[in-house]
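*Asks:* sharing a model prediction with you, sequence too.
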2 protein chains.
Amino acid sequence: MEADTPRIEEYLESIYKLQQEQHPVSTSRLAEHLKLSAPSVSEMVKKLASKRLVNHTEKGVCLTDEGNKMAKIVVRRHRLSERLLTDILGYKWDEVHDEACRLEHAISPQMEDRIALSLGNPKTCPHGHPIPDKNGVLLKEKVRPLSELKAKQKAIIVNVFEEDPKMLQYLASLGLIPDVSVLVEEVAPFGGPLIVCVSGSRYALGREVASKIKVK
Amino acid sequence: MEADTPRIEEYLESIYKLQQEQHPVSTSRLAEHLKLSAPSVSEMVKKLASKRLVNHTEKGVCLTDEGNKMAKIVVRRHRLSERLLTDILGYKWDEVHDEACRLEHAISPQMEDRIALSLGNPKTCPHGHPIPDKNGVLLKEKVRPLSELKAKQKAIIVNVFEEDPKMLQYLASLGLIPDVSVLVEEVAPFGGPLIVCVSGSRYALGREVASKIKVK
DNA sequence: ACAATCAATTAGGTATACCTAATAAAAAAA
DNA sequence: TTTTTTTATTAGGTATACCTAATTGATTGT
Ligand SMILES: [Mn+2]
Ligand SMILES: [Mn+2]
Ligand SMILES: [Mn+2]
Ligand SMILES: [Mn+2]
């Protein structure tokens, strides 16, 4: 059992994330997400497999129990870092992803505990994603994309599956943030936009954008 | 001009620190401080010299202006991290060095600003060392080691030049922390201990220990 | 003055994590 | 079915940052 490096953490975190969309993750998707060449990823996946952190089948890559456990630790540190950045250091939600992605690898178990304690054990990151607890337990709410709602339906935003700063800024400017209530006034046909009503204002939202917003 | 890595930062920070004791820093001293082999350091110093971050003469290694500037950025981040850890996350002063030594490399200029702002632009780290400002300006107080005081002299602790957790715990248990007033009651001859009076209590302090405590 | 000691470098080697170019295998299109 | 495209891997190579062993150079004690 060897030490785990920041890079291994990064791979596990990416695989964890991509698994939520598409279960066995393809090498190419992983390479794209990590912004690395396919051969680099291919090679590293082999190493992860040899450390029993992933299973590598024809279908793609899946985290093992051990890999999943490690990934959740990294995710916990990432999301706690984000909360530290927003709640204590005054960052906006569109500024935290990259910072947290560096910080997460410099956080010890003790610091993890201290941050959680100082923040009052937050349950989610600023984007609404659940923070796994110390034991890796994660309460995942049942959600669906806003884009699936029908006209006249109302829902509450749970989280935003997006990390592009521009997009997050845009969403925040419309007030589309977790815990906010949204009413879909109408849905344009042929994949057209949704007209949504949020805190008294009315906006047209593209389907693509709406699909990133998860509601309950 | 290439990117600077965490390792380069680490070397610069060490050289900066060691320069305060002994001006041109020897390779061996640097190796000892970084806990690396002499050849590794020899090699890296060559790289630092080729990047014009240090001058390497027969006497030893000195930071160039450019190297000094970079070192002070790292020192600023280190000391701000320490303050974040103690003031916001509730760490004790003996627990912060190693954590800060990892964190400092994961802190962006923006985060540096935010931490400083959130903490009210602190002037020193928890051990009393000055935090360089954004422009690298550093107000260094004129101090001398507590061990140089004569009997009946009184002084105020400015900082503690020590990072060993055990020693810091010990000092804190005696109340020997920055800004505290100390009276030297007597000085035993032949390099013997100092009897000091601090916040109402009387303690015997070894010379070695007392020399780490800088007072004004 | 000369041997012993200490300091620094050279030589040669390892592990990690990335790359491009070439190739093989699988899936999709024609 | 055959061709084209996409996906994944192999082959070969680079940069970084470490190591031990051997060597050279300088300092010091006798
Ligand atoms: Mn990361
Ligand atoms: Mn988040
Ligand atoms: Mn460091
Ligand atoms: Mn300090």
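*Replies:* Sure thing, it's come through. Numbering: from 1, shown residues only, chains lettered A, B, ... in the order given. Ligands and ions are numbered 1, 2, ... in the order given.
*Asks:* now do A:Ala100 against ligand 3, distance only.
*Replies:* 19 Å (CB to the ion, to the nearest Å). From N, CA and C alone the C-beta is placed, and that goes for glycine too.
*Asks:* OK, contacts around that residue?
*Replies:* A:His78, A:Arg79, A:Ser81, A:Glu82, A:Leu85 (CB atoms under 8 Å, 6 or more residues apart in numbering or on different chains).
*Asks:* in PyMOL, how would I select the buried members of these?
*Replies:* Buried residues among the contacts of A:Ala100 (16 or more other CB atoms under 10 Å in any protein chain shown), as a PyMOL selection:
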select buried, chain A and resi 78+79+81+82+85
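*Asks:* how about the contacts of A:Ala100 in JSON lines, adding secondary structure, distance to ligand 1 and pLDDT?
*Replies:* As requested, those are exported to JSON lines (DSSP: H, G, I helix; E, B strand; the rest coil; distance: CB to the ion, whole Å; pLDDT from 0 to 100):
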{"residue": "A:His78", "secondary structure": "helix", "distance to ligand 1": "7", "pLDDT": "98"}
{"residue": "A:Arg79", "secondary structure": "helix", "distance to ligand 1": "12", "pLDDT": "98"}
{"residue": "A:Ser81", "secondary structure": "helix", "distance to ligand 1": "10", "pLDDT": "98"}
{"residue": "A:Glu82", "secondary structure": "helix", "distance to ligand 1": "12", "pLDDT": "98"}
{"residue": "A:Leu85", "secondary structure": "helix", "distance to ligand 1": "14", "pLDDT": "98"}
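*Asks:* closest to ligand 3 out of the contacts of A:Ala100?
*Replies:* A:Ser81 (18.0 Å; CB to the ion).
*Asks:* tell me how far the closest one lies from A:Ser37.
*Replies:* Applying CB to CB, to the nearest Å, the value for A:Ser81 to A:Ser37 is 28 Å.
*Asks:* again, but for A:Leu63
*Replies:* From A:Leu63 to A:Ser37 the distance is 22 Å (CB to CB).
*Asks:* higher neighbour count, the two?
*Replies:* A:Leu63 (20 against 10; other CB atoms under 10 Å in any protein chain shown).
*Asks:* residues touching that one, list them.
*Replies:* A:Leu12, A:Ile15, A:Tyr16, A:Gln19, A:Leu53, A:Val54, A:Asn55, A:Ala71.
*Asks:* cool, and A:Arg202?
*Replies:* Going by CB under 8 Å, 6+ apart, the list of residues near A:Arg202 reads A:Glu185, A:Ile195, A:Val196.
*Asks:* got it, and A:Ile8?
*Replies:* So A:Ile8 contacts A:Lys47, A:Leu48, A:Lys51, A:Leu53, A:Met70 (CB under 8 Å, 6+ apart).
*Asks:* wait, which of the residues you listed is closest to A:Leu138?
*Replies:* A:Met70 (14.0 Å; CB to CB).
*Asks:* which residues touch that closest one?
*Replies:* A:Met70 neighbours (CB under 8 Å, 6+ apart): A:Asp4, A:Ile8, A:Glu9, A:Leu12, A:Leu53.
*Asks:* can you name the residues of chain A that neighbour DNA strand C?
*Replies:* Residues of chain A lying close to DNA strand C by CB under 7 Å from any atom of the strand are A:2, A:5-8, A:35-37, A:39-40, A:43-44, A:47, A:58.
*Asks:* and those residues, which of them are buried?
*Replies:* So, by 16+ other CB under 10 Å, the buried ones in the residues of chain A next to DNA strand C are A:Ile8, A:Leu36, A:Met44.
*Asks:* one step back: from the contacts of A:Ile8, pick the one nearest chain B.
*Replies:* A:Met70 (18.2 Å; CB to the nearest CB).
*Asks:* enumerate every residue touching A:Gly136.
*Replies:* Counting by CB under 8 Å, 6+ apart, the residues that A:Gly136 touches are A:Asn68, A:Lys69, A:Lys72, A:Ile73, A:Arg76.
*Asks:* if we go to 10 Å?
*Replies:* For A:Gly136, the contact set (CB atoms under 10 Å, 6 or more residues apart in numbering or on different chains) comprises A:Asp65, A:Asn68, A:Lys69, A:Met70, A:Ala71, A:Lys72, A:Ile73, A:Val75, A:Arg76.
*Asks:* got phi/psi on the last one?
*Replies:* Put plainly, it is A:Arg76. Per-residue torsions, A:Arg76: phi -60, psi -50 (degrees, to the nearest 10).
*Asks:* how about it, nearest residue that isn't a chain neighbour?
*Replies:* A:Pro132 (4.6 Å; CB to CB, 6 or more residues apart in numbering or on different chains).
*Asks:* would you map the helices across chain A?
*Replies:* Using DSSP state H, the helices of chain A run over A:6-19, A:27-34, A:38-50, A:65-83, A:96-103, A:109-118, A:165-173, A:207-212.
*Asks:* show me which of the contacts of A:Gly136 are buried.
*Replies:* Looks like those have A:Asn68, A:Met70, A:Ala71, A:Lys72, A:Ile73, A:Val75, A:Arg76 buried, using 16+ other CB under 10 Å.
*Asks:* so the fourth one touches A:Glu112, yeah?
*Replies:* So the one you mean is A:Lys72. No - counting by CB atoms under 10 Å, A:Lys72 does not reach A:Glu112; the two are 11.8 Å apart.
*Asks:* burial check on the closest residue to A:Arg102 other than its chain neighbours, number of neighbours?
*Replies:* Excluding its sequence neighbours, the residue lying closest to A:Arg102 (CB to CB, 6+ apart) is B:Ala106, at 4.4 Å. When counting by other CB under 10 Å, one arrives at 21 neighbours for B:Ala106.
*Asks:* for B:Ala106, which residues are in contact?
*Replies:* Per CB under 10 Å, 6+ apart, neighbours of B:Ala106: A:6, A:81, A:99-107, B:6, B:77, B:81.
*Asks:* repeat the analysis, applying 7 Å as the threshold.
*Replies:* B:Ala106 sits next to A:Arg102, A:Leu103, A:His105, A:Ala106 when contact means CB atoms under 7 Å, 6 or more residues apart in numbering or on different chains.
*Asks:* please report the distance of the third one from B:Trp93.
*Replies:* Meaning A:His105. 25 Å.
*Asks:* again, but for the second one
*Replies:* Using CB to CB, one obtains 22 Å as the distance from A:Leu103 to B:Trp93.
*Asks:* before we move on, what about the first one?
*Replies:* Spatial separation of A:Arg102 from B:Trp93 under the definition CB to CB is 25 Å.
*Asks:* ok, the two, which is more surrounded?
*Replies:* A count of neighbours by other CB under 10 Å puts B:Trp93 above the other of A:Arg102 and B:Trp93, at 22 against 16.
*Asks:* list the contacts of the closest residue to the more buried one other than its chain neighbours.
*Replies:* Distance criterion CB to CB, 6+ apart; nearest residue to B:Trp93, sequence neighbours excluded, is B:Pro126 at 4.3 Å. The contact partners of B:Pro126, taken as CB under 7 Å, 6+ apart, are B:Glu82, B:Arg83, B:Thr86, B:Trp93, B:Val96.
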